[in-house]
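1. Fold the following and give me the result.
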Amino acid sequence: MLNPRSNSLLHSRSRSASHAALPTRRQALQVGALGAVGLSLSGYLRQAAAGEVRPAKGKSAIVIWLGGGPPHLDMFDMKPDAPDEFRGEFHPRPTNVPGVQICEHLPQLAACADKYAILNGVSHTLAGHELGTTYLSTGNRPLPSLAYPGYGAVVSKELPGDQQLPHFVAVPSTPQTAGYLGVPSAPLSTNDTPRRGQPFGVRGISLSSGLTIDAFEQRQKLLQSIDTEFDSLAGENSLVDGLDRFDEQAFAVIRSEKARTAFDVSQENPETAAAFGDSRFGQSCLLAARLVEAGVRFVTVSFSGWDTHTGNFKKAKESLLPAFDQGLAALLNTLSERGLLESTSVLTTGEFGRTPKINARAGRDHWPRAFSVLMAGAGVQGGQVLGQSDAHGKGPAGEPITPEQIGASFYSSLGIDYQKEYHTQTGRPVMIVRSGSLVPGLF
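-> Take a look at the predicted model:
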């Protein structure tokens, strides 16, 4: 039998639920604002009913891609009480968040753990690099019949930015593709990484061989006169349309002092640059911070080498973890100091984790059943660990966190309706993320 207090609470909840069925005037105004970034009325009401409506804080995004599969048990999901063949050589260390521990070889990330959330027990079943990469780069399980667009393609489409800047930059490259969105949503790859204190030139932005802007403009006019001969071929051809847009944007970017300045890490404050270290990954993180500050919507930084089937602990201790620790910590701290972390969604992931049991070559093999992902900024509540793996890190302990949830949460942090429908060139309707939902407690 319910006591009067609990009965009153039930009535209160019932009234709240009935009132939530209709949008208030304030909510209606929010719908208008959210519509500008891709959230429709139907999408708003659907998410409101699910309790997933939240003010979008993100304006830009950075994805840190750890290609090869980082070892979760040696980074953010350590098992110090597991048998030797599972726990490995490293020990946990405390962070600046009470009760949260990470690897001893990540001291700088330990000092800023309040700025990011650790997601453990992320899980899927695709143990191959290519399939796992597609899954974690799109938030959609791969299909042989459909090429889903990567995060950067969707963000650059939904959040168009300054025409003097590229909207989607990959440093130095990215496994993300434009998928069915086509050429207009493809990335600008730098094909190189910056060096500390040295000017960084990107082909198409820094002019080579002494070519001046005036000379380039004369060449551009000549090319335009030649291109008119091919106008009749364009029609509805999305490839030609995409190339034409690229040509227009490249012309705007190459003339833009703003773009050349943003890419030139040598102009950064020396003290700030030093915090990122001398590694290529660290300086790439510095470049990502500069690009976001300038107004670029999406940047991805790729850091490969995590496929440690042999010598996992030696490679991790001597090269992978120190560079990763310094670069990512400096990125989060710099964004925070410049007031950009709340408007920048930061996602750090690989395609899967590595086997809990160490192999005969002191390495760890592919393991998609449980691994770790980091998220920060744009409303993400830092200083917490969400999800959990079992005692040996073999699989989730309880409900897994799925790549679809990662994708849905990432898009939601940017105010993008992850259930919005796009249409392929054949007219097929496709949601941005199939079967997505937010990671509980992340925001």
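
2. I'd guessed residue 340 sits against residue 292; true?
-> Yes - contact criterion C-beta atoms under 8 Å: residue 340 and residue 292 qualify, at 6.2 Å. C-betas here are computed from N, CA, C, even on glycine.

3. Need the overlap of contacts for the two.
-> When contacts are counted by C-beta atoms under 8 Å, 6 or more residues apart in numbering, residue 340 and residue 292 have residue 60 as shared neighbours.

4. between those two, which one's more packed in?
-> Neighbour comparison, residue 340 and residue 292: the larger count goes to residue 292, with 26 against 17 (by other C-beta atoms under 10 Å).

5. Remind me which helix or strand the more buried one belongs to.
-> helix 280-294 (DSSP states H and E).

6. same for that helix, what does it pack against?
-> Counting contacts by 3 or more C-beta pairs under 8 Å, 6 or more residues apart in numbering; DSSP states H and E, helix 280-294 is packed against strand 60-65, strand 168-171, helix 257-263, helix 270-275, strand 298-302, helix 321-337.

7. rerun that using 6 Å as the cut-off
-> Judged by 3 or more C-beta pairs under 6 Å, 6 or more residues apart in numbering; DSSP states H and E, helix 280-294 is in contact with strand 168-171, helix 257-263, strand 298-302, helix 321-337.

8. Identify the residues contacting residue 78.
-> Residue 78 sits next to residue 92 when contact means C-beta atoms under 6 Å, 6 or more residues apart in numbering.

9. any idea how far it is from residue 133?
-> To residue 133, residue 78 is 25 Å away according to C-beta to C-beta, to the nearest Å.

10. repeat for residue 324
-> 18 Å.

11. For those two, indicate the residue with more neighbours.
-> Shown here are residue 324 and residue 133; by other C-beta under 10 Å, residue 324 has more neighbours (27 against 22).

12. Return the residues in contact with that one.
-> With C-beta under 6 Å, 6+ apart, residue 324 has no contacts at all.

13. Check the one 3 residues further on too.
-> Taking C-beta under 6 Å, 6+ apart, we find residue 327 in contact with 276, 281, 282, 285.

14. show me what contacts the closest residue to it other than its chain neighbours?
-> Excluding the flanking residues, the one nearest residue 327 by C-beta to C-beta, 6 or more residues apart in numbering is residue 282, at 3.7 Å. By C-beta under 6 Å, 6+ apart, the contact set of residue 282 is 276, 326, 327.

15. Burial check on the second one, number of neighbours?
-> Under the neighbour criterion other C-beta under 10 Å, residue 326 is assigned a count of 22.

16. again with the first one
-> For residue 276, the count of nearby residues is 28 (other C-beta under 10 Å).

17. Tell me, how many residues neighbour residue 271?
-> Around residue 271 there are 7 residues (other C-beta under 10 Å).

18. So it versus residue 286, what's the distance?
-> Distance from residue 271 to residue 286, by C-beta to C-beta: 12 Å.

19. Also residue 177?
-> 26 Å.

20. Which of the two has more residues huddled nearby?
-> residue 286 (26 against 19).

21. For the more buried one, which non-adjacent residue is spatially closest?
-> Using C-beta to C-beta, 6+ apart, the nearest residue to residue 286 is residue 276, at 4.4 Å.

22. for residue 394, same thing?
-> Closest to residue 394 by C-beta to C-beta, 6+ apart is residue 356, at 5.2 Å.

23. Could you tell me the per-residue confidence at that neighbour?
-> pLDDT recorded at residue 356 is 98.

24. Pretty sure residue 85 is one of the things it touches, is it not?
-> No - the criterion here is C-beta atoms under 6 Å, and residue 356 misses it with residue 85 at 8.7 Å.

25. When these two are compared, which one has more neighbours?
-> residue 356 (26 against 11).

26. who's in contact with the more buried one?
-> 73, 86, 392, 393, 394.
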